[in-house]
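**Student:** starting from these lines, generate the structure:
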Amino acid sequence: MGGSVGLVAPGAGTEMNIASASKWLYGAYVLEVLQGQLRPGVDVPFLNLTSTTPVLDASASSACKSALSTVRACGKTAGIEEPLIQYVPEPPTRFYYHPGHFEAHADFAMGMGFFDGASLALAFQGRLPLSLSFVSVNLAGGAKTSASEYAKFLRALMRDELKLGPLLGTHSTCATAACGNTGYSPWFATEPAHYSLAHWVEPDEGTPWSGGFSSAGLFGFYPWIAKDKGTYLIVAGEHLLGVLGQSRTTPAEETASGKAVLCGRLIKKAYYTGVVQE
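**Tutor:** Residues are numbered from 1 along each chain as shown. Okay, the predicted model is just below:
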């Protein structure tokens, strides 16, 4: 079931920038290439954002914002270079949310350093069941697709048709201050959320609609799979102007991404209980 709300609202087939919902796609792509076999010390720290890769601000770099650039050129703006092992953290690890983890991993662990946006799209479409494009070479936030296409990806995860399906929620790390994280996190500060292989593991309060796996994007694109992998949800928004003035100190509740998550929670509760939510 589905519907659209708002003036000139998008439909299920409307292509839009999905921002950080791209992360989930990259994690699934990696697992497909590796046939589900994660390499010790090579993959997990970069996929759960605990590596010590230099902080990369893709929004401030033209080399990261262009689809005609390359993954390596983007990474170089933050001084990311070989060998990859230099970024493997010593315990205790610290979660830090930024796109450099994926740029480093894609370049030096996946051989994608000289891929531009078109090459990335071809690679992803060759491994994942959806159509998409890359408006930039930022693997953590550069994809563009529609809700209907992304839904194909979610259903494949739920049916374990993708190697990441059985691994949802595994290798997770604390990703908010509420459970001890000391690095940057865009999640709600008071919630003990965790981060798994390129996706969030939401706090589980025991109800069927809480918990689960997701990958909310900056502009308000929020895909979610229930913890029992029986239901999925997509809140598909592209609030390009809604991010103006936002910074890393903006509370999640005030961001387009956070509002999409909160909206999704009301939809989920209404769906599971049959009670209208205000």
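
**Student:** residue 172 reaches residue 201, doesn't it?
**Tutor:** Yes: taking contacts as Cβ atoms under 8 Å, residue 172 lies within contact range of residue 201: 5.0 Å. In short, each C-beta sits where N, CA and C put it, glycine included.

**Student:** overlap of the contact sets of these two?
**Tutor:** By Cβ atoms under 8 Å, 6 or more residues apart in numbering, residue 172 and residue 201 have these common neighbours: 194-195.

**Student:** now the strands for this structure?
**Tutor:** 16-17, 133-134, 143-145, 173-174, 194-195, 200-201, 213-214, 221-225, 232-236 (DSSP state E).

**Student:** mean pLDDT, mean neighbour count and distance to residue 152 added to these, as JSON lines?
**Tutor:** Formatted as JSON lines, the strands of the chain follow (pLDDT from 0 to 100; neighbours: other Cβ atoms under 10 Å; distance: least, Cβ to Cβ, whole Å):
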{"stretch": "strand 16-17", "mean pLDDT": "96", "mean neighbour count": "20", "distance to residue 152": "16"}
{"stretch": "strand 133-134", "mean pLDDT": "98", "mean neighbour count": "20", "distance to residue 152": "15"}
{"stretch": "strand 143-145", "mean pLDDT": "98", "mean neighbour count": "25", "distance to residue 152": "10"}
{"stretch": "strand 173-174", "mean pLDDT": "96", "mean neighbour count": "20", "distance to residue 152": "29"}
{"stretch": "strand 194-195", "mean pLDDT": "98", "mean neighbour count": "22", "distance to residue 152": "24"}
{"stretch": "strand 200-201", "mean pLDDT": "98", "mean neighbour count": "24", "distance to residue 152": "20"}
{"stretch": "strand 213-214", "mean pLDDT": "98", "mean neighbour count": "24", "distance to residue 152": "16"}
{"stretch": "strand 221-225", "mean pLDDT": "98", "mean neighbour count": "26", "distance to residue 152": "11"}
{"stretch": "strand 232-236", "mean pLDDT": "97", "mean neighbour count": "22", "distance to residue 152": "11"}
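
**Student:** okay, those strands in JSON lines with distance to residue 59 next?
**Tutor:** Formatted as JSON lines, the strands of the chain follow (distance: least, Cβ to Cβ, whole Å):
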{"stretch": "strand 16-17", "distance to residue 59": "12"}
{"stretch": "strand 133-134", "distance to residue 59": "15"}
{"stretch": "strand 143-145", "distance to residue 59": "15"}
{"stretch": "strand 173-174", "distance to residue 59": "24"}
{"stretch": "strand 194-195", "distance to residue 59": "20"}
{"stretch": "strand 200-201", "distance to residue 59": "20"}
{"stretch": "strand 213-214", "distance to residue 59": "22"}
{"stretch": "strand 221-225", "distance to residue 59": "16"}
{"stretch": "strand 232-236", "distance to residue 59": "21"}
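
**Student:** ok, and the closest non-adjacent residue to residue 267?
**Tutor:** Nearest residue to residue 267, sequence neighbours excluded (Cβ to Cβ, 6 or more residues apart in numbering): residue 233, at 6.4 Å.
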